[in-house]
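S.K.: based on what follows, work out the 3D shape:
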Amino acid sequence: MRLLIVTKGYPPRNSARSLQVQKVAEAMHKGEHGSTFAGGPLVTSVAQHVVGRVRQPAFLAEVEAKGNLLASAEAAGLKPAFGCRMGICNTCVCTKVSGTVRNLATGELNDQNNVQIKLCVSEAVSPVQIDL
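M.R.: Below you'll find the model as predicted:
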């Protein structure tokens, strides 16, 4: 007999549900169950894959490139003005000459040329040219 007990774990679409039947509970013995956080074969395999992927230099470079424009500029050795890093103070406002950006706070896309954007809450969606 096989039983899957799901409680906020794998599979993720089933959450906060638990199945417990006395007859089944009596039939289960130590080692005949799995848990999201117990380090079973599935969890261990997934963890090994994720750690292996994250440690690859190409993956890290891709993550850095997908950050906000302020972080990307700083990673490139530039020193744009900034203040709060949350889109509140407007210190990092500059002109986007061309390209498309996504506002990370609102999700709004902006593909207009020669408009003011906030570097700290803007993410490049296409190649972007900016006047710092």
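
S.K.: and V46, helix, strand or coil?
M.R.: What DSSP: H, G, I helix; E, B strand; the rest coil gives for V46 is helix.

S.K.: can you report how many residues lie near it?
M.R.: Look at V46: counted by other Cβ atoms under 10 Å, it has 11 neighbours. Using the backbone N, CA and C atoms, a C-beta is placed for each residue, glycine as well.

S.K.: got the contact list for it?
M.R.: Under the criterion of Cβ atoms under 8 Å, 6 or more residues apart in numbering, V46 has no neighbours.

S.K.: quick one: pLDDT of it?
M.R.: With respect to pLDDT, V46 scores 80.

S.K.: how close does it sit to G52?
M.R.: Look at V46 and G52: by Cβ to Cβ, to the nearest Å, they are 11 Å apart.

S.K.: also D111?
M.R.: Applying Cβ to Cβ to D111 and G52 gives a distance of 37 Å.

S.K.: strands of the protein, residue ranges please.
M.R.: Taking DSSP state E as the test, the strands found in the chain are 93-98, 101-103, 109-110, 115-118, 122-124, 129-131.

S.K.: nearest to F59, out of the ones you listed?
M.R.: Between F59 and those, the shortest gap by Cβ to Cβ is with strand 122-124, which sits at 17.7 Å.

S.K.: tell me what the closest one is packed against?
M.R.: Judged by 3 or more Cβ pairs under 8 Å, 6 or more residues apart in numbering; DSSP states H and E, strand 122-124 is in contact with helix 69-75, strand 101-103.

S.K.: contacts for it?
M.R.: In this structure, residues lying in contact with strand 122-124 by Cβ under 8 Å, 6+ apart are 66-69, 72, 96, 99-104, 110.

S.K.: of these, just the buried ones, PyMOL syntax please.
M.R.: This is the PyMOL syntax for the buried subset of those, where burial follows 16 or more other Cβ atoms under 10 Å:
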select buried, resi 68+69+72+96+99+101+102+104+110
